[in-house]
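A.B. asks: sequence and predicted structure below; questions after.
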Amino acid sequence: MRILLDTNAYSALALGRPEVSEAVRQAEGLILSTIVLGELLFGFHNGSQYLENRRRLRNFLQEPRVTTVTPTPVTAEHFGEISATLRKRGRPIPTNDIWIAAQAIETNSALLSADAHFREVDGLSWVAFSMP
(Lines give C-alpha, C1' and ligand atoms only; values in the text may rest on other atoms or scores of the structure.)
Protein backbone atom coordinates (compact mmCIF):
# COMPACT_ATOMS: atom_id res chain seq x y z
CA MET A 1 0.00 0.00 0.00
CA ARG A 2 1.25 3.48 -0.85
CA ILE A 3 0.70 6.25 1.68
CA LEU A 4 0.06 9.93 1.03
CA LEU A 5 1.20 11.90 4.05
CA ASP A 6 -0.97 14.69 5.39
CA THR A 7 0.80 17.67 6.91
CA ASN A 8 0.29 16.41 10.45
CA ALA A 9 1.60 12.97 9.45
CA TYR A 10 4.82 14.45 8.05
CA SER A 11 5.22 16.48 11.26
CA ALA A 12 4.56 13.42 13.43
CA LEU A 13 7.08 11.44 11.38
CA ALA A 14 9.69 14.18 11.82
CA LEU A 15 9.05 14.04 15.58
CA GLY A 16 9.55 10.26 15.57
CA ARG A 17 6.00 9.27 16.54
CA PRO A 18 6.14 5.44 16.63
CA GLU A 19 2.74 4.70 15.04
CA VAL A 20 3.48 7.02 12.12
CA SER A 21 7.03 5.72 11.71
CA GLU A 22 5.68 2.15 11.61
CA ALA A 23 3.04 2.98 9.00
CA VAL A 24 5.71 4.66 6.88
CA ARG A 25 8.07 1.69 7.26
CA GLN A 26 5.37 -0.71 6.06
CA ALA A 27 4.31 1.40 3.07
CA GLU A 28 5.27 0.38 -0.46
CA GLY A 29 5.88 4.02 -1.27
CA LEU A 30 5.32 7.49 0.12
CA ILE A 31 3.59 10.38 -1.60
CA LEU A 32 3.78 14.03 -0.67
CA SER A 33 1.32 16.43 -2.25
CA THR A 34 2.40 19.90 -3.30
CA ILE A 35 -0.56 21.07 -1.20
CA VAL A 36 1.07 19.47 1.85
CA LEU A 37 4.42 20.97 0.83
CA GLY A 38 2.83 24.41 0.83
CA GLU A 39 1.33 23.87 4.27
CA LEU A 40 4.68 22.65 5.59
CA LEU A 41 6.58 25.60 4.14
CA PHE A 42 4.04 28.00 5.63
CA GLY A 43 4.70 26.41 9.02
CA PHE A 44 8.46 26.53 8.53
CA HIS A 45 8.35 30.23 7.67
CA ASN A 46 6.34 30.91 10.83
CA GLY A 47 8.54 28.78 13.07
CA SER A 48 11.92 29.29 14.67
CA GLN A 49 13.81 26.45 12.91
CA TYR A 50 13.30 27.27 9.25
CA LEU A 51 16.71 26.11 7.98
CA GLU A 52 16.65 22.85 9.95
CA ASN A 53 13.09 22.06 8.83
CA ARG A 54 13.96 22.80 5.18
CA ARG A 55 17.04 20.55 5.41
CA ARG A 56 14.96 17.67 6.82
CA LEU A 57 12.31 18.14 4.15
CA ARG A 58 14.89 18.27 1.35
CA ASN A 59 16.45 15.03 2.64
CA PHE A 60 13.03 13.38 2.90
CA LEU A 61 12.11 14.36 -0.66
CA GLN A 62 15.37 12.85 -1.96
CA GLU A 63 14.54 9.41 -0.55
CA PRO A 64 13.88 6.94 -3.39
CA ARG A 65 10.52 5.82 -1.92
CA VAL A 66 9.13 9.38 -1.89
CA THR A 67 7.18 10.82 -4.81
CA THR A 68 5.78 14.33 -5.03
CA VAL A 69 2.45 14.82 -6.80
CA THR A 70 0.82 17.92 -8.22
CA PRO A 71 -2.88 18.46 -8.89
CA THR A 72 -4.09 17.30 -12.30
CA PRO A 73 -7.43 17.57 -14.12
CA VAL A 74 -8.32 14.20 -12.55
CA THR A 75 -7.56 15.67 -9.13
CA ALA A 76 -9.92 18.54 -9.96
CA GLU A 77 -12.70 16.07 -10.86
CA HIS A 78 -12.30 14.32 -7.51
CA PHE A 79 -12.13 17.69 -5.74
CA GLY A 80 -15.40 18.83 -7.30
CA GLU A 81 -17.18 15.59 -6.45
CA ILE A 82 -15.90 15.50 -2.85
CA SER A 83 -16.73 19.17 -2.29
CA ALA A 84 -20.26 18.84 -3.65
CA THR A 85 -20.96 15.70 -1.63
CA LEU A 86 -19.70 17.21 1.61
CA ARG A 87 -21.67 20.40 1.03
CA LYS A 88 -24.90 18.49 0.39
CA ARG A 89 -24.34 16.60 3.63
CA GLY A 90 -23.60 19.80 5.53
CA ARG A 91 -20.20 18.36 6.50
CA PRO A 92 -17.59 20.72 5.02
CA ILE A 93 -13.89 20.22 5.65
CA PRO A 94 -10.98 22.61 4.94
CA THR A 95 -10.42 23.22 1.22
CA ASN A 96 -6.78 22.12 1.28
CA ASP A 97 -7.85 18.84 2.86
CA ILE A 98 -10.29 18.23 0.03
CA TRP A 99 -7.44 18.66 -2.47
CA ILE A 100 -5.25 16.31 -0.42
CA ALA A 101 -8.02 13.69 -0.24
CA ALA A 102 -8.59 14.04 -4.00
CA GLN A 103 -4.92 13.34 -4.64
CA ALA A 104 -4.96 10.30 -2.36
CA ILE A 105 -7.95 8.92 -4.28
CA GLU A 106 -6.35 9.73 -7.64
CA THR A 107 -3.08 8.00 -6.73
CA ASN A 108 -4.88 5.04 -5.13
CA SER A 109 -3.05 5.73 -1.89
CA ALA A 110 -4.08 5.58 1.74
CA LEU A 111 -4.08 9.00 3.41
CA LEU A 112 -2.20 9.02 6.71
CA SER A 113 -3.69 11.77 8.86
CA ALA A 114 -4.80 12.61 12.39
CA ASP A 115 -7.72 14.68 11.04
CA ALA A 116 -10.96 12.84 11.82
CA HIS A 117 -12.93 14.82 9.23
CA PHE A 118 -11.39 12.64 6.51
CA ARG A 119 -13.85 9.90 7.54
CA GLU A 120 -16.48 12.01 5.76
CA VAL A 121 -14.84 11.51 2.35
CA ASP A 122 -16.35 8.67 0.32
CA GLY A 123 -13.87 6.44 -1.45
CA LEU A 124 -10.91 7.59 0.61
CA SER A 125 -8.68 5.06 2.29
CA TRP A 126 -7.79 6.85 5.53
CA VAL A 127 -5.19 5.62 8.02
CA ALA A 128 -5.79 7.43 11.27
CA PHE A 129 -3.42 8.17 14.11
CA SER A 130 -3.97 10.32 17.16
CA MET A 131 -2.14 13.47 18.08
CA PRO A 132 -0.97 13.93 21.69
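C.D. replies: Sure thing, it's come through. None of these values were measured; they are calculated from a predicted model.
A.B. asks: so what strands line up beside the helix or strand hosting Leu112?
C.D. replies: Secondary structure assigned from DSSP states H and E places Leu112 in strand 110-113. Within its sheet, and counting by DSSP bridges, strand 110-113 is paired with strand 2-5 (parallel), strand 125-128 (parallel).
A.B. asks: just name the most buried of those strands.
C.D. replies: Highest mean neighbour count of these: strand 2-5, a mean of 24 (counted as mean count of other CB atoms under 10 Å). For every residue, glycine as well, the C-beta is placed using N, CA and C.
A.B. asks: and the longest helix anywhere in the chain, what's its mean pLDDT?
C.D. replies: In the chain, ranked by residue count with DSSP state H as the criterion, the top helix is helix 73-89. Predicted confidence along helix 73-89 averages 98 (mean pLDDT).
A.B. asks: next secondary structure element downstream of that helix?
C.D. replies: Counting by DSSP H and E, the element after helix 73-89 in chain order, helix or strand, is helix 95-106.
A.B. asks: what about the strands paired with strand 110-113, which gets the closest to Glu81?
C.D. replies: When those are ranked by distance to Glu81, counting by CB to CB, first place goes to strand 125-128 at 16.1 Å.
A.B. asks: contacts for the closest one, please.
C.D. replies: Counting contacts by CB atoms under 8 Å, 6 or more residues apart in numbering, the residues outside strand 125-128 that touch it are 1, 3, 23, 104, 109-114, 116, 118-119.
A.B. asks: which one of the residues you listed is nearest Thr95?
C.D. replies: After measuring those against Thr95 - CB to CB - the closest member comes out as Phe118, at 13.7 Å.
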